[in-house]
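# build the 3D model from these lines:
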Amino acid sequence: MYQQLNYLAIICMLITLFCATSCQQNKKQTPPPPKTVVKEEVAPKDTIVIEELPPVDENITEEVVHKIDTNKIVGFIQTHIDQVKADSTVAVQGIKLFSVNLLPAFYKAREYHPAWLDEQLMNDAFRTIEGAAKDGLNPDDYHLQELLKLRENFRSIEDIDYDKAADYDILITDGLLMYAFHLLYGKVDPEGLDANWNFGTKKVPENALQMLMDAVKNKTILESPDLFRPQRPRYYGMMKALAELRKLDAAGGFPIVSEGETLHPKDKDVRVIELSNRLVKSGHLVDSLGVKDSVFSPALTEAVKVFQEEYGLVVDGIVGKGTLGALNKGIKHKIDKIRVNLERARWVMHNLGSDFVLVNIPSFSLYVLKDNHVVHSTKVMVGKTYHKTPVFKDIIEYADVNPTWTATRNITVNEILPQLKRKGAGYLTKNNMTLLKGGARVNPWGIDFNQYTKRTFPYVVRQEPGPKNALGEIKFIFPNKHSVYLHDTPSRHLFVKESRAFSHGCIRVQDPLQLGEVLLGDSLYSKAKLQSIVDSRKNTRIKMTDKMEVLILYWTAAVDEEGNMFFHEDIYKRDGRILASLEEKFMYDPTMLKKYYE
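As a prediction, this is how the structure comes out:
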């Protein structure tokens, strides 16, 4: 009985919201940038201008729909629903239904009368399903092609097949429910891609069934997707960018810049014209008037710099191998990246709080948000491709100033032991390291390290506080099974690099004392105060007064406050699996629904 009530609650909520009028604020939407201070406002749908859908087939006339005897359809709907209740694998028009546990509650409440046999509702339902493409989803997942075929059944009242009319109504309901589900939770299950996924799930609230009946009566389905989308400007900004790129793609895409020598500002080369045309097409250069006689002009230099910033490249205005490669990747590559990251947004953005630390692995960046404001941002280093930084969330509990560093077993036997075999105990002294066994210090002098293998080495290696410490001057701890945390580094010269995947998985922060001031509170622990603790060389633990959530994410595309897209290299090659899953036909597992209501 409890399970039945929960299923009823889900069907009430999903279709009620899908058909209900959205109550949104009339505020201008401002997407948050990845690199500047901006408030993360709720994005009202009516300020987002997305490409208009083409008109629905006008041959399905109100006269035909109005003359349909819906009482003749009731029996067919009830028969099909009873079959689904008896066997969830029963197909409708050869299609296995998504909402096998939800449809019976919906149609029973309607006494098995059709919901969509009204000209406006019928056309609006089609527009809504077709509009799934705006979210980077595939409308065919929501039975679009099958519904288009079944629409032929309504060409004339004399040829109506009432069994097909019942199938048509059921498939619309099922398709809309599936679309709503994907907007709320994503089409791709993140837990299936990553066993470490711990971001939780937005729970389905209970709603009254009567609200659904009123909403169908009010015919407000076109507004419904905004009730399911993440209400964050970043999501809507990516939707807008996706629509614009698709228009450019339909118009022929981006022209290619020919291979050749590196192009520098003030160079004269016929390829400068190609470069100009490429950046004009993508909107980085207003027009080509700044390019005369194939000269690499100051205007073109600035356009190249803007492009480089968007792609996370070195911003120098020089078109070398990296910049040329990014220019020639093509528009389909950018479209796919946005689709993948819209999916990632659906996994996370519904549950975001107002205060958190966000690390984006592919952009090598960290942001601190307080009251939905980006109040601090800085560069970071992340894990190497063979020591990947995991995607997860946790709570920052304390900071350690002048930390010790205890090497993991893997680092000890694979990196430190070979050094000990070559250099002996002097390696430990030079690097301010202590040898431990059973928690007690061991004198390393006189030990023949060559007698040990990776398996038999009996010691733990700890590095004491100091300028050579691998964790630098401060670390921020959020206890987790990955032993990953934010910390300083003695290798600060590496922050000038464009790609910064250098660590064993932890996140190295460029200006950790400034981060400490932001997280710990500048009134208690200013940067100067923290520096004085560092200078004392004493290990000091500082508990977080207000513990803050940290989200370590993997986003290869993001939007700034002006709606400009920023693209990042897929350093861990994770986009491909998500894109492939988005392209595949959605296969529904009935057991997966449980985690969304239990």
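
# ranges for the helices of the stretch 251-400 of the chain?
271-281, 298-310, 321-327, 331-348 (DSSP state H, counting those that start in this stretch).

# what average pLDDT does the last one get?
Spelled out, that is helix 331-348. Rounded to a whole number, the mean pLDDT of helix 331-348 is 96.

# rewinding a little: out of the helices of the stretch 251-400 of the chain, which gets nearest to Asn218?
Of all those, helix 331-348 sits nearest to Asn218, with 26.7 Å by Cβ to Cβ. The C-beta positions use only the backbone N, C-alpha and C, and glycine is treated the same way.

# Arg577 - that's part of a helix, no?
Yes - assessed with DSSP: H, G, I helix; E, B strand; the rest coil, Arg577 lies in a helix.

# just give the nearest non-adjacent residue to Glu583, would you?
Spatial nearest neighbour of Glu583, excluding adjacent residues (Cβ to Cβ, 6 or more residues apart in numbering): Asn138 at 7.4 Å.

# how near is the one you found to Thr456?
56 Å (Cβ to Cβ, to the nearest Å).

# neighbour-wise, which of the two wins?
Asn138 (18 against 8; other Cβ atoms under 10 Å).

# burial count for the residue lying closest to Pro230 once chain neighbours are set aside?
Closest residue in space to Pro230, ignoring its immediate chain neighbours: Met349 at 3.4 Å, by Cβ to Cβ, 6+ apart. Neighbourhood size, Met349 [other Cβ under 10 Å]: 17.

# list the contacts for Ser258?
Ser258 is in contact with Arg271, Glu274, counting by Cβ atoms under 8 Å, 6 or more residues apart in numbering.

# where do the strands sit along the stretch 351-500 of the chain?
356-360, 365-370, 373-383, 392-401, 405-406, 433-437, 440-442, 460-463, 474-477, 486-487 (DSSP state E, counting those that start in this stretch).

# of those strands, flag the one that's most buried.
strand 486-487 (a mean of 25; mean count of other Cβ atoms under 10 Å).

# adjacent strands (with direction) for it?
Here strand 486-487 is paired, per DSSP bridges, with strand 474-477 (antiparallel), strand 507-509 (parallel).

# looking at the ones you listed, spot the one closest to Asn360.
Short answer: strand 507-509, nearest of the strands paired with strand 486-487 by Cβ to Cβ, at 10.6 Å.

# contacts for that closest one?
359, 366, 378, 380-382, 389, 472, 484-489, 491, 502, 515, 552.

# list the buried ones in the helix or strand following it?
As assigned by DSSP states H and E, the chain's next helix or strand after strand 507-509 is helix 512-520. For helix 512-520, burial by neighbour count (16 or more other Cβ atoms under 10 Å) applies to Pro512, Leu513, Gln514, Leu515, Gly516, Glu517, Val518, Leu519, Leu520.

# check contacts around the second one.
For Leu513, the contact set (Cβ under 8 Å, 6+ apart) comprises Glu473, Ile474, Asp488, Lys527, Leu530, Gln531, Val534.

# weed out the non-buried ones from these.
Buried among these by 16+ other Cβ under 10 Å: Glu473, Ile474, Asp488, Lys527, Leu530, Val534.

# taking the residues you listed together, which two end up most distant?
Going by Cβ to Cβ, the pair spanning the buried ones among the contacts of Leu513 furthest: Asp488 and Lys527, at 12.8 Å.

# follow-up on the earlier one: how about CSV for the contacts of Leu513, with pLDDT added?
Formatted as CSV, the contacts of Leu513 follow (pLDDT from 0 to 100):
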residue, pLDDT
Glu473, 95
Ile474, 96
Asp488, 96
Lys527, 95
Leu530, 96
Gln531, 96
Val534, 95
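
# tell me which of those residues is nearest to Ala241?
Distances from Ala241 to those, taken by Cβ to Cβ, are shortest for Asp488, at 35.8 Å.

# contacts only, for the closest one.
Counted by Cβ under 8 Å, 6+ apart, Asp488 has contacts Leu471, Gly472, Glu473, Ile474, Lys475, Arg508, Val509, Pro512, Leu513.

# mind doing that once more with 10 Å?
401, 403, 469-476, 508-513, 515-516, 534 (Cβ atoms under 10 Å, 6 or more residues apart in numbering).

# in contact with Glu274, which residues?
With the criterion set at Cβ under 10 Å, 6+ apart, Glu274 makes contact with Pro255, Ile256, Val257, Ser258, Gly260, Leu263, Ser294, Leu327.

# quick one: the helices in the stretch 401-550 of the chain, in order.
Using DSSP H, counting those that start in this stretch, helices in the stretch 401-550 of the chain cover 409-411, 417-423, 426-430, 512-520, 527-536.

# any low-confidence regions in this protein?
1-62, 202-216, 288-293, 561-562, 588-598 (pLDDT under 70).

# so who does the residue nearest to the spatial centre of it touch?
Nearest residue to the geometric centre of the chain (Cα atoms, centre = their mean): Arg344, 2.5 Å. Applying Cβ under 10 Å, 6+ apart, we find Arg344 in contact with Gly186, Val188, Pro190, Val391, Leu553, Tyr554, Trp555, Thr556, Ala557, Arg574, Asp575, Ile578.
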